[in-house]
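# Sequence unavailable; structure follows:
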């Protein structure tokens with residue numbers, strides 16, 4: 001079965017339009033997917049940032065027992081100038 005040249009041109013024009021529409025629809029779906037994915041990634045990033053912040057301040061709010069020891073100030077004895085370091089050992 002043969003088509004006249006005019007029909008082939010019309011068929012090609014219709015398929016070209018349909019191809020463009022299909023491609024545009026597919027591209028639009030991909031763009032929507034990436035915008036949804038971007039929102040999820042931003043949410044995930046915020047969750048991880050908050051978790052990191054909570055872990056960083058854990059020591060400050062005394063949830064960690066080692067933090068209590070680290071945050072206590074160390075009391076140092078003032079040195080007296082007249083004593084020898086060996087006086088402690090009774091030498």
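Arrived safely. None of the values given here were measured: they were computed from a predicted structure.

# since we're on residue 40, how many residues are nearby?
Applying other Cβ atoms under 10 Å, we find 9 residues neighbouring residue 40. In short, each C-beta sits where N, CA and C put it, glycine included.

# for the host helix or strand of it, packing partners?
When elements are defined using DSSP states H and E, residue 40 is found to belong to helix 5-57. Applying 3 or more Cβ pairs under 8 Å, 6 or more residues apart in numbering; DSSP states H and E, we find helix 5-57 packed against no helix or strand.

# Name the spans of the chain whose pLDDT lies under the cut-off.
Counting by pLDDT under 70, the ranges of the chain that qualify are 1-8, 11, 14, 59-74, 78-83, 85, 90-91.

# Residue 87 versus residue 76, what's the distance?
Distance, residue 76 to residue 87, using Cβ to Cβ, to the nearest Å: 18 Å.

# I should have written residue 58 there, sorry.
As for residue 58, its distance to residue 87 is 44 Å (criterion: Cβ to Cβ).

# and if you look at residue 18?
For residue 18, the distance to residue 87 - Cβ to Cβ - is 101 Å.

# need the contact list for residue 28.
Listed by Cβ atoms under 8 Å, 6 or more residues apart in numbering, residue 28 has no contact partners.

# just to revisit the earlier point, residue 76 and residue 87: which is more packed in?
residue 87 (10 against 6).

# On the three-state scheme, the more buried one is what?
helix (DSSP: H, G, I helix; E, B strand; the rest coil).

# Check residue 77 too.
When classified by three-state DSSP, residue 77 comes out as coil.

# Run a quick neighbour tally on it.
As a burial measure, residue 77 scores 5 neighbours (other Cβ under 10 Å).

# From residue 88, how far off is it?
For residue 77, the distance to residue 88 equals 11 Å [Cβ to Cβ].

# Repeat that for residue 17.
Distance from residue 17 to residue 88, counting by Cβ to Cβ: 98 Å.

# got it, and residue 54?
Taking Cβ to Cβ as the measure, residue 54 falls 46 Å from residue 88.

# Name the residue in the two with the higher neighbour count.
Neighbour count, other Cβ under 10 Å: between residue 54 and residue 88, residue 54 has more, with 11 against 8.
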